[in-house]
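S.K.: let's see this in three dimensions:
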Amino acid sequence: MPVEPRLTRQTPAPRVGMVHLGPGAFFRAFNATYTEDAVAAAGGDWGICAVSLNSASVRDQLAPQGCAYTSVTLAPDGPSHRVIGAVAQVLVAPENPQAVLDAMSAPEVRIVSLTVTEKGYCHEPATGRLRLDHPGILADLATPGNPITAPGFLVEALARRRSAGLAPFTVMSCDNLPHNGQLVRAVVLEMARARDATLADWIAINGRFPATMVDRITPATTPADVAALAAATGYHDPACVVHEPFRQWVIEDDFVGGARPAWDLAGAQLVRDVAPFETMKLRCLNGTHSALAYLGYLAGHETIAASVADPPFAALCRHLWHHEILPTVPQPEGEDLPAYCDALLERYANPAIRHRTWQIAMDGSQKLPQRLLGAVADQLAANRPIAGLALVVAAWFRYTGGTDEAGGTIDVRDPLAPRLAAAWAGSDSAGGRVAAFLAIDKVFAPALARDPRLSQALTVATEGLCARGARAMVQTLTQT
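M.R.: Next comes the predicted model:
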């Protein structure tokens, strides 16, 4: 059987102007494609030095290709593809942290962006505070010149720039976190202050931490995706990424010296206040994604598309949006919220996107405070119902117990997995289980956990899930 030649870069690598921490599939399907389009529209030296903080796998895939890779758009009427060349180099931090610090400290680097997932910020999701007891943070404070965490690299690189008389780079979080600019600023300043108060003051005065809202469904690339691309193009590209046609990037236009690519010419929205857009996306999209992940998985659905093809689960999304989520979402400028939700359901139903419920279910302890619990708190504060949201949270409890409705083992991936499993296994009663979960203050803010309306709703939902199963509970909620 013939072997396809490897994809190779056909154009010179761009000059680096940005460093990006976390070069996973989403970054390659989103940040890098926007940046390539921005440079094509307006020019500029905005090549990206991508940095993996953990694994060498992305570097090993990209390096033989000159860091070029293929972006594959999965539309309902068939795929299309383009080669992306915005990434100039890939570094692996554990192999050579000094090379990463050198790149971040270079005068030509004006932005350091991040997609390191919620847990990469080493913070408490319930409070947003830096975990000064985090093993990585403790190590970085002990040996700041040899960092291992994202906050450690940011603070050490900023310290080096200050010593060299350079302006700080803009720090731009692109993770699905509410007020992500404010969060990363607080984490950086708290870590800097633990090292040197004058460094923290310099960063606070001169640094910029724009908030962003990012949106493009990007399933994990499978061997079948790589094979399909090879059949269509005649080349082998193990670094290819697959994604939906839709993309939306809302950016607070606040950069050090105003230096940034012309992302607005590539379709990004540069605004003064990202917060309403963040809330819209986190609660409307990510919140219902989590709902479909936990309840859909328990009901036997492998993908989001399969879940919403089952009528009760499409009705679940509509119920959550219109009765329990949209009442908590401030109006973003220029957005039609009901139309936005209708478009989300169409995106979920795209049969070409195989976004696995198991993949979305990962790291729930980090995600639920932002995606669901904020809406729960807002609904309770306004004395509005939370039956649907409580059902989703209870489904997360059930999922992290590690056994599905058919008795099979669930591969639970979560930083708190042992504690979550113990919370489920520690009691045979729904009330006991709910109490054990609500006691996890890394997830549930104490004031919310003490609200008897929440514990009552969660107990009812947990009892129903155990007695009747996920699909039946969804069907009852939505009366479909």
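S.K.: and the chain, what are its domains?
M.R.: With domains defined by automatic domain parsing, the chain comprises 16-271, 275-478.
S.K.: would you double-check that Val214 falls in a helix?
M.R.: No - read with DSSP: H, G, I helix; E, B strand; the rest coil, Val214 is strand and lies in no helix.
S.K.: now do the contacts for the closest residue to it other than its chain neighbours.
M.R.: Excluding the flanking residues, the one nearest Val214 by CB to CB, 6 or more residues apart in numbering is Cys174, at 5.0 Å. C-betas here are computed from N, CA, C, even on glycine. Counting by CB atoms under 8 Å, 6 or more residues apart in numbering, Cys174 makes contact with Phe27, Phe30, Asn31, Ser113, Leu114, Thr115, Asn180, Thr212, Val214.
S.K.: nearest to Arg9, out of the domains of the chain?
M.R.: Smallest distance to Arg9 across these (CB to CB): 3.0 Å, for domain 16-271.
S.K.: for the closest one, measure first residue to last.
M.R.: End-to-end distance of domain 16-271 (CA to CA, to the nearest Å): 26 Å.
S.K.: kindly report the same for stretch 8-24.
M.R.: In stretch 8-24, first residue to last residue: 20 Å (CA to CA).
S.K.: sorry, back to before: can you add mean pLDDT and distance to Pro5 and give the domains of the chain back as JSON lines?
M.R.: JSON lines is the format used below for these (pLDDT from 0 to 100; distance: least, CB to CB, whole Å):
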{"stretch": "domain 16-271", "mean pLDDT": "96", "distance to Pro5": "6"}
{"stretch": "domain 275-478", "mean pLDDT": "96", "distance to Pro5": "26"}
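S.K.: re the thing from before, narrow the contacts of Cys174 to those in strands?
M.R.: Of the positions in those, Ser113, Leu114, Thr212, Val214 sit in strands, assigned by DSSP state E.
S.K.: out of the contacts of Cys174, who's nearest Ile410?
M.R.: Thr115 (26.1 Å).
S.K.: tally of neighbours for the closest one?
M.R.: When neighbours are counted by other CB atoms under 10 Å, Thr115 registers 21.
S.K.: which residues does Val116 contact?
M.R.: By CB under 8 Å, 6+ apart, the contact set of Val116 is Leu21, Gly22, Leu53, Ala150, Asp175.
S.K.: actually Leu21, sorry about that
M.R.: Contacts of Leu21 by CB under 8 Å, 6+ apart are Val51, Leu53, Val112, Ser113, Leu114, Thr115, Val116, Gly120, Ala150, Phe153.
S.K.: what's the farthest-apart pair in those residues?
M.R.: Thr115 and Phe153 (14.2 Å).
S.K.: one step back: ok, which pair from the contacts of Val116 is furthest apart?
M.R.: Among those, the pair separated by the greatest distance (CB to CB) is Leu53 and Asp175, at 13.2 Å.
S.K.: tell me, what's touching these two both at once?
M.R.: Val116, Gly120.
S.K.: ok, the closest residue in space to Ser365 that isn't next to it in sequence to Val443 distance?
M.R.: Using CB to CB, 6+ apart and skipping residues adjacent in sequence, the residue nearest Ser365 is Leu416, 4.4 Å away. Distance of Leu416 to Val443, computed by CB to CB, to the nearest Å: 8 Å.
S.K.: overlap in contacts of those two?
M.R.: Both Leu416 and Val443 are contacted by Ser365, under the criterion CB under 8 Å, 6+ apart.
S.K.: who has more neighbours out of these two?
M.R.: Neighbours per residue, other CB under 10 Å: of Leu416 and Val443, the larger number sits with Val443, 25 against 18.
S.K.: contacting residues around the more buried one?
M.R.: For Val443, the contacting residues are Pro125, Ala126, Ser365, Leu368, Pro369, Leu373, Leu416, Phe437, by CB under 8 Å, 6+ apart.
S.K.: ditto for Thr115
M.R.: Contacts for Thr115 (CB under 8 Å, 6+ apart) come out as His20, Leu21, Gly22, Gly24, Phe26, Phe27, Asn31, Cys174, Asp175.
S.K.: distance to Ala470 for the residues you listed - can I get that in a markdown table?
M.R.: Listed next are the contacts of Thr115 as a markdown table, based on distance: CB to CB, whole Å:
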| residue | distance to Ala470 |
| --- | --- |
| His20 | 38 |
| Leu21 | 37 |
| Gly22 | 32 |
| Gly24 | 29 |
| Phe26 | 28 |
| Phe27 | 33 |
| Asn31 | 35 |
| Cys174 | 32 |
| Asp175 | 28 |
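S.K.: just the ones of those in helices?
M.R.: The helices, defined by DSSP state H, take in Phe26, Phe27, Asn31 from these.
S.K.: mind checking how far the second one is from Pro125?
M.R.: The one in question is Phe27. 22 Å.
S.K.: also Ala164?
M.R.: Counting by CB to CB, the gap from Ala164 to Pro125 is 35 Å.
S.K.: one more: Ala461?
M.R.: In this view, Ala461 and Pro125 are 22 Å apart by CB to CB.
S.K.: touching, Gly44 and Arg260? I think so.
M.R.: No - using CB atoms under 8 Å as the test, Gly44 is too far from Arg260 to be in contact (9.0 Å).
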